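quick one, structure for this:
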Amino acid sequence: MTTDPSKSPSDSPSADTLRKLHSARAHSAYERAVAACRHAGITPEAAQTVPTSPVGRAANALRLSASSLAALPGTAPDPAADARCARNAAATAALAAQVAAQAAGQVPGSPDEHTEMAAALRAALTASQAAATAAGGTAAGQDGTLNAKADDAEERAVEAARTAGWM
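I've put the predicted structure just below:
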């Protein structure tokens with residue numbers, strides 16, 4: 001039993017509130033992924049069930065994220081599952097950012113690593129890591145501090161994607 005009053009069940013957001021939080025982050029990450037794919041010329045037709053290329057992998061991840069987001073409204077709120085959906089969308093956006101950056105010849109560690117596109121890739125990777133941390137371990141999508149960090153990282157990733165011209 002916890003003795004920290006800030007951790008009492010009455011202070012915890014409801015499953016519905018957490019659903020809205022995770023869903024908003026998932027939708028934002030999905031939109032970033034769509035934009036990065038569009039920028040890289042990746043179409044839905046490029047999706048491969050068993051991907052053999054980064055393009056096929058990105059298009060398939062985008063398809064899977066869209067399916068997960070479409071299924072959310074038909075399920076009961078579940079903070080852990082909802083956080084995993086947001087994590088998966090953020091991972092999709094990171095993959096799409098990698099493909100878009102590589103298509104333009106921009107990769108971290110290269111001489112052009114300070115370009116807007118490389119910054120967008122780094123921000124996408126950071127947002128993906130933050131979403132994974134918020135969804136993982138004992139947090140299970142319910143840790144307010146980790147959720148806030150994931151939300152902040154997502155906002156920075158959106159800003160970086162806009163600056164890179166993806167959105």
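
mind listing what the residue nearest the centre of the chain touches?
Residue closest to the mean C-alpha point of the chain, counted by C-alpha atoms, centre = their mean, is Ala90 at 1.3 Å. Contacts for Ala90 (C-beta atoms under 8 Å, 6 or more residues apart in numbering) come out as 25-26, 29, 124, 127-128, 130-132, 150, 154, 157. Bear in mind the C-beta positions are built from the backbone N, C-alpha and C, glycine included.

read off the pLDDT value for the closest residue to it other than its chain neighbours.
Nearest residue to Ala90 in three dimensions, chain neighbours excluded: Ala131, at 3.8 Å (C-beta to C-beta, 6 or more residues apart in numbering). Predicted confidence (pLDDT) for Ala131: 97.

with Ala61 instead?
Reading off the model, Ala61 has pLDDT 92.

just checking, it touches Thr92?
Yes: look at Ala61 against Thr92 with C-beta atoms under 8 Å: they come within range, at 4.2 Å.

in terms of neighbours, single out the busier of the two.
Neighbour count, other C-beta atoms under 10 Å: between Ala61 and Thr92, Thr92 has more, with 30 against 23.
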